[in-house]
Each structure stands twice: as structure tokens, then as C-alpha cells.
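Colleague: structure for the following, please:
(one chain, ligands or ions: 2)
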Amino acid sequence: MFPKSTLRCMKCNREYGSEEILYSCPNCGSLLEVIIDTPTTSLEQMSKRPLGVWRYLEFLPAGEGTEIVSLEEGGTPLYKCDRLGKWAGLSKLYVKFEGANPTGSFKDRGMTLGVTKAKSLGSKAVACASTGNTSASLAAYAAKSGLTCYVILPSGKVAMGKLAQALMHGAKVISVKGNFDEALKLVMELSTKMGIYLLNSINPWRLEGQKTLAFETIDQLGHAPALLAVPMGNCGNVSAIWKGYNEFKDSGLTDSLPRMYGVQAEGASPVVNMLRAGAEKLAPVLNPETVATAIRIGNPVNWPKAARAIRESDGLSETVSDEEIIGAQRMLASLEGIGIEPASAASIAGVKKAVENGKIDRDTEAVCVCTGHLLKDPEEAIKVCGKPVEVPADFKVISGLLTN
Ligand SMILES: Cc1ncc(COP(=O)(O)O)c(C=O)c1O
Ligand SMILES: [Zn+2]
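Modeller: Ligands and ions are numbered 1, 2, ... in the order given. Take a look at the predicted model:
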């Protein structure tokens, strides 16, 4: 049922066995990707299973005989957002609400596969560095599967909801006085030297789970959208989603592919800067800063994959300010009833900007990936909305405040 797979280097094309524990090419140090044997199946055949990551078994290289670690992830709603569309200037705007995943973010799609892989390789412990959501997700899947989980977080820069999740699911949480990029460097060294399985998105198996978002949009829309907008941090998701669309195309399950639209926060936009400059190498942003803590990343490891996805798809990239991010977050919540965390709103702010700048036209069918739930970052929400007024428990006083 599961496809056969190998690991292949993006740069020198060397191939490695799927049982090898590798996070980069031993020959040249570049990123690795999973290559699967192209499946022969149909949407109809797969639709006998519930919508979700594991509907797409034929595309998921879990390894024969492996016991899947799942919290029933994926199968998230695709909302048609007409009121928000009016505000953004688009007639066909959809939101893929990844906050509806078990731990409230898209990371669960990757972790179900990543932790399944960790178990099949016989690992006893898993680790990650995180801006918050990766740790919340990994902690939950580690709990489900009985693995020890280590989490390294940039001190003071992780939203409260995410920290609460990692702690409650029993991860060993270490806060380092440094930013995410420093935390990732540390955890990469720790995992290699201490034999702990690393589940940041440099691990290509995780991206195999995340690619299912592409499959679901095709199932839900009946075709691939014209534009797929996604916030970019460490750039795993944009790469994974592009891989998914291509695999469906190779299997004859879609004729068309979307243009990929990667959106970064102004204060943390190394990939957009690079693409704008037409450069071939990334210049890291040394002190990334944005209200969208989930994408506060200055040196994204997956930049070569992201750059390839955007270039190959004749895609777009853009930066958005914190003000635009918060504005989009508030509009989605108040016009459509969908609550997302700030980073997720970058995709919405991004499509609005692209219409305004004439980069896409008003009739473009656009899917915005909204990556995480509002409750991940309640402090930010209260900061931007303001605290409620406090009054005596008195009918007259309160009724005087209601305006209808
Ligand atoms: C809510 C949210 N959005 C976007 C991202 C960025 O995803 P990626 O690192 O795959 O680019 C993250 C990553 O932590 C996230 O938590
Ligand atoms: Zn190589």
C-alpha cells in the first residue's frame, strides 16, 4: 500500500536508503528529499477513506508493516470566504483552516509521518527546536507513541498557548537565551551527537505528511486552485505543498498546478529578499523581528526548496508588515468567524497586497493557508483588541452600553 521511497540530495542527486537517518547529504551537505515511486490510484479509490492525511496512503512512504501514529490529523475545512474576499478584493477566496488540526496547527500533518518514522527506526527519543507549534505538535505525537520528547525554544519568544501544550504533553522543555536560528543549530548538533531523532522540517519525512494539504485542496475544490498562498518561516510547508501538487500531477490526478505564493513578515524576510534580488544564495536576517512569532526566522533551512517551489510554479513572493498581518487576522475573525494566530494571517495580508499591486487579478481563485489557531497566542489577541470594559453588575449600567 505505502509507496517505495529513497532519499535524494537536491544538489548532487546522490541517493540514500529510506532506513538511513540523515538530515543532509553526507556527500555535499545539501538538503535531502524523499522520492516515492509514482502511485497508480484514483481520487475515487482514495475517497473511501475519511478526508485527512491518511486518506492518501499510496503517497505516504511510512514503510511496509509500520504502525501509524495518528491523532486523526488533516481533513481541515476549506472555507469559501466571500465577505473577506470583498475586503481583500478577490471574488474567489478560500481559507484552508489548519487551526482545526488536533494540536491547532498544520504541523500535525508532518508529525504523524515523522513520529511514525521515528518509531519504525527504533528511536526512543525525539527532539526539535521551535517557534512553538512544532514543539506543541511533536510533544503530543511523542506522548501518543510513548517516546521521550525534547524541545528547545527561544526564550521569551514563544506564544503562551504553544508553550502550555508542550508542557502539558510532557515534553522536556528547555528555553535558550537566543533566537530560533540559534536553537535549531543547537538541536541539530545535539540530535546528531546523542542519537535523538530530529523532527524539524529539515527532516524530509515530515514534509511527506505536510504535502497532503495539496491533495486535500484538490479533493475539496475538485481541482487545484490557481494560487496557493502560504506564510513562510523555515520554509518547509511551502516546499511540501508544492511537492504534493506535483505528485498528484505525476499520478494523473490533476492537470493543473497552482502558482505558489510565499509570504514573509517584513522583519523576517530573507527568502523574499533573495527572490527579489534574483540571487542564488540566501543572506540571513540576523535579528528577525515580527509580531508573528511563528515565522520569526532569519535563516530558514529549507530556503533552497522554497525558492525552487516559487520559481518552478511561476509563483510570487511578498513581505507584509505587522500592521497588515494584524489587520488581516482581525478581518478574518470578524468577517468570517475564523480565528487564527498572527503568522497565519500573513497569507491573507499577502493576497490583499498582491491584488492591490496588480500582481494577481480579482478573479484569481486563491487558497490561503491559515496555519495555526487563534488560541495559540491569546496574549497578542488581547493586546490588539483591548481588554473588556469592567462595570458593576447593574442592569442600567450594562443596558446603557448596548447599542445594537
Ligand atoms: C503558525 C505557523 N505558520 C507558519 C509557519 C511557517 O512554516 P514553515 O516553517 O514550514 O515555513 C509556522 C512554523 O512554525 C507556524 O507555526
Ligand atoms: Zn549531495
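Colleague: quick one: name the residues of this protein near ligand 2.
Modeller: Contact residues, the chain versus ligand 2 (Cβ under 5 Å from the ion): 9, 11, 12, 25, 27, 28, 30. (Each C-beta comes from the backbone N, C-alpha and C, glycine too.)
Colleague: which ones among those residues map onto strands?
Modeller: When DSSP state E is applied, the residues of the chain next to ligand 2 are split such that residue 9 fall in strands.
Colleague: now the residue most central in space within the chain: how far from ligand 1?
Modeller: Taking Cα atoms, centre = their mean, the centroid of the chain lies closest to residue 237, which sits 4.5 Å from it. In this view, residue 237 and ligand 1 are 3 Å apart by Cβ to the nearest ligand atom, to the nearest Å.
Colleague: contacts for the strand or helix carrying that residue next, please.
Modeller: Assigned by DSSP states H and E, residue 237 belongs to helix 236-250. For helix 236-250, contacts defined as Cβ atoms under 8 Å, 6 or more residues apart in numbering pick out 33, 36, 38, 59, 106, 110, 201-202, 206-215, 218, 224, 228, 230-232, 254-255, 257-258, 260, 262, 302, 305-306, 308-310, 312-313, 369, 371.
Colleague: circling back to that earlier point, could you dump the residues of the chain next to ligand 2 to JSON lines with pLDDT and neighbour count?
Modeller: Formatted as JSON lines, those follow (pLDDT from 0 to 100; neighbours: other Cβ atoms under 10 Å):
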{"residue": "9", "pLDDT": "98", "neighbour count": "20"}
{"residue": "11", "pLDDT": "97", "neighbour count": "14"}
{"residue": "12", "pLDDT": "98", "neighbour count": "11"}
{"residue": "25", "pLDDT": "98", "neighbour count": "20"}
{"residue": "27", "pLDDT": "98", "neighbour count": "12"}
{"residue": "28", "pLDDT": "98", "neighbour count": "12"}
{"residue": "30", "pLDDT": "98", "neighbour count": "15"}
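Colleague: go through the residues of the chain next to ligand 2 and name the one nearest ligand 1.
Modeller: The closest of the residues of the chain next to ligand 2 to ligand 1 turns out to be residue 30 (Cβ to the nearest ligand atom; 18.2 Å).
Colleague: does the closest one touch residue 10 like I think?
Modeller: Yes - the pair residue 30 / residue 10 is scored as a contact, 5.2 Å apart, by Cβ atoms under 8 Å.
Colleague: any idea how far the residue nearest to the centre of the chain lies from ligand 2?
Modeller: Separation of residue 237 from ligand 2 (Cβ to the ion, to the nearest Å): 23 Å.
Colleague: hang on, the earlier thing: now, which of the contacts of helix 236-250 lie close to ligand 1?
Modeller: The subset of the contacts of helix 236-250 within reach of ligand 1, by Cβ under 6 Å from any ligand atom, is 201, 231, 232, 371.
Colleague: quick one, phi/psi of the last one?
Modeller: In this entry, residue 371 is assigned phi and psi values of phi -80, psi -30 (degrees, to the nearest 10).
Colleague: same question, the third one
Modeller: Listed backbone geometry of residue 232 is phi -120, psi 130, with angles given as degrees, to the nearest 10.
Colleague: how about it, what does it touch?
Modeller: Listed by Cβ under 8 Å, 6+ apart, the contact set of residue 232 reads 238, 262, 263, 264, 271, 272, 295, 300, 306, 317.
Colleague: 6 Å - rerun?
Modeller: For residue 232, the contact set (Cβ atoms under 6 Å, 6 or more residues apart in numbering) comprises 238, 262, 264, 271.
Colleague: ok, so what distance separates the nearest residue to residue 143 once chain neighbours are set aside from residue 203?
Modeller: Nearest non-adjacent residue to residue 143, counting by Cβ to Cβ, 6 or more residues apart in numbering: residue 169, 4.6 Å away. Residue 169 sits at a distance of 19 Å from residue 203 (criterion: Cβ to Cβ, to the nearest Å).
Colleague: these two: which is more packed in?
Modeller: residue 203 (25 against 20; other Cβ atoms under 10 Å).
Colleague: relative to residue 26, how far out is that one?
Modeller: Residue 203 sits 15 Å away from residue 26, going by Cβ to Cβ.
Colleague: and stretch 323-332, average pLDDT?
Modeller: Average pLDDT, stretch 323-332: 98.
Colleague: could you list the buried residues of it?
Modeller: Buried positions in stretch 323-332, judged by neighbour count with 16 or more other Cβ atoms under 10 Å: 324, 325, 326, 327, 328, 329, 331, 332.
Colleague: what's around the residue lying closest to residue 236 once chain neighbours are set aside, how many residues?
Modeller: Using Cβ to Cβ, 6+ apart and skipping residues adjacent in sequence, the residue nearest residue 236 is residue 201, 2.8 Å away. Residue 201 sits with 25 neighbouring residues when counted by other Cβ under 10 Å.
Colleague: so what touches stretch 12-29?
Modeller: If you take Cβ under 6 Å, 6+ apart as the criterion, stretch 12-29 is touched by 5, 6, 7, 8, 9, 11, 32, 198, 202.
Colleague: so how far is residue 63 from the residue nearest to the centre of the chain?
Modeller: For residue 237, the distance to residue 63 - Cβ to Cβ - is 23 Å.
Colleague: over to residue 375?
Modeller: 35 Å.
Colleague: quick one, grab the pLDDT at the residue nearest to residue 143.
Modeller: So, for residue 169, pLDDT stands at 98.
Colleague: that one is in contact with residue 140, isn't it?
Modeller: Yes - Residue 169 lies in contact with residue 140 (Cβ atoms under 6 Å); the separation is 4.8 Å.
Colleague: what is the neighbour count of residue 136?
Modeller: When neighbours are counted by other Cβ under 10 Å, residue 136 registers 30.
Colleague: my bad, residue 296
Modeller: When neighbours are counted by other Cβ under 10 Å, residue 296 registers 24.
Colleague: residues contacting it?
Modeller: 268, 288, 290.
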